[in-house]
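# Everything below, folded, please.
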Amino acid sequence: MTTGFNISTGDSHWLGDGVYFFLKGKSTHPENQAEQWAILGAWDKANRANKYESFGVLKAEISVEENNFLNLTDPSGLEILEYLKNKTLEKIKRLRRNSKIKIVDGYLINFGRNEMGIPIDVVKGDVFIKLTKDERKYDIQSRIPNSTISSVFNSKCISNIVNIKTGQV
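A predicted model of the protein is given here:
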């Protein structure tokens, strides 16, 4: 509420570049997941200290035109992601090099947006997120989603922002 959104950038993010939100879907209480994420996200492993001491959980309305929405919880959205994967593979083969790039969903979405010019403003998907200290400490990996999230690339899609909870880490 005071510094604006922290925009995640980089191909390793779940759903590409954007502002991330927890949504109802795999969890019926996305606000609790947002709180867990904020608390765990405070820890800076390298410096062995918290990056911040207080947090806020925000609720917002996300509005997007259907043509600019990639819904990976729907078969048609998964077909688009498959198309992006195939185009990425074509590019790698055409350049005749072994890719050192880790090709994950975030990379494919950013590729579609940045190299193919596909106007993807908002992406929705089901993912597994480490939301407990033990999941992070023991580096638990899962292919079974526990969260429905959204990445909003176009900040004009975000409105009616409300702080629904504040707390200390």
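# contacting residues around residue 165?
Neighbouring residues of residue 165 by C-beta atoms under 8 Å, 6 or more residues apart in numbering: 31, 35, 56, 57. In this view, the C-beta of every residue, glycine as well, is placed from N, C-alpha and C.
# Counting neighbours, which of the residues you listed end up buried?
In the contacts of residue 165, burial by neighbour count holds for 35, 57, counting by 16 or more other C-beta atoms under 10 Å.
# Okay, and which of the contacts of residue 165 map to helices?
Mapping these onto helices (DSSP state H) picks out 31, 35.
# Regarding this protein, what is its longest helix?
Per DSSP H, the chain has its longest helix at helix 75-95.
# now for it, which elements pack on it?
strand 69-71, helix 105-114 (3 or more C-beta pairs under 8 Å, 6 or more residues apart in numbering; DSSP states H and E).
# Direction included, what does the biggest strand by length in the chain pair up with?
Assignment by DSSP state E gives strand 158-168 as the longest strand of the chain. The sheet places strand 158-168 alongside strand 54-62 (antiparallel), with pairing taken from DSSP bridges.
# between the longest helix of the chain and helix 105-114, how many degrees?
Orientation note: helix 75-95 sits at an angle of 80 degrees relative to helix 105-114 (axes from the mean of the first three to the mean of the last three C-alpha atoms, to 10 degrees).
# what is the mean pLDDT for helix 75-95?
Regarding helix 75-95, the rounded mean pLDDT is 93.
# can you list contacts of that helix?
Counting by C-beta under 8 Å, 6+ apart, 70-72, 99, 103, 105, 107-109, 111-112, 115-116, 124 sit against helix 75-95.
# Name the nearest of the residues you listed relative to residue 47.
residue 107 (28.1 Å; C-beta to C-beta).
# The nearest residue to that closest one once chain neighbours are set aside and residue 24, how far apart?
Excluding the flanking residues, the one nearest residue 107 by C-beta to C-beta, 6 or more residues apart in numbering is residue 11, at 3.8 Å. The gap separating residue 11 from residue 24 is 27 Å, by C-beta to C-beta, to the nearest Å.
# Could you do residue 159 as well?
18 Å.
# part of a strand, is residue 124?
Yes: assigned with DSSP: H, G, I helix; E, B strand; the rest coil, residue 124 falls within a strand.
# Quick check: it vs residue 136, distance?
Distance from residue 124 to residue 136, by C-beta to C-beta: 24 Å.
# Give me the more crowded residue out of those two.
More crowded of residue 124 and residue 136, by other C-beta atoms under 10 Å: residue 124, with 22 against 13.
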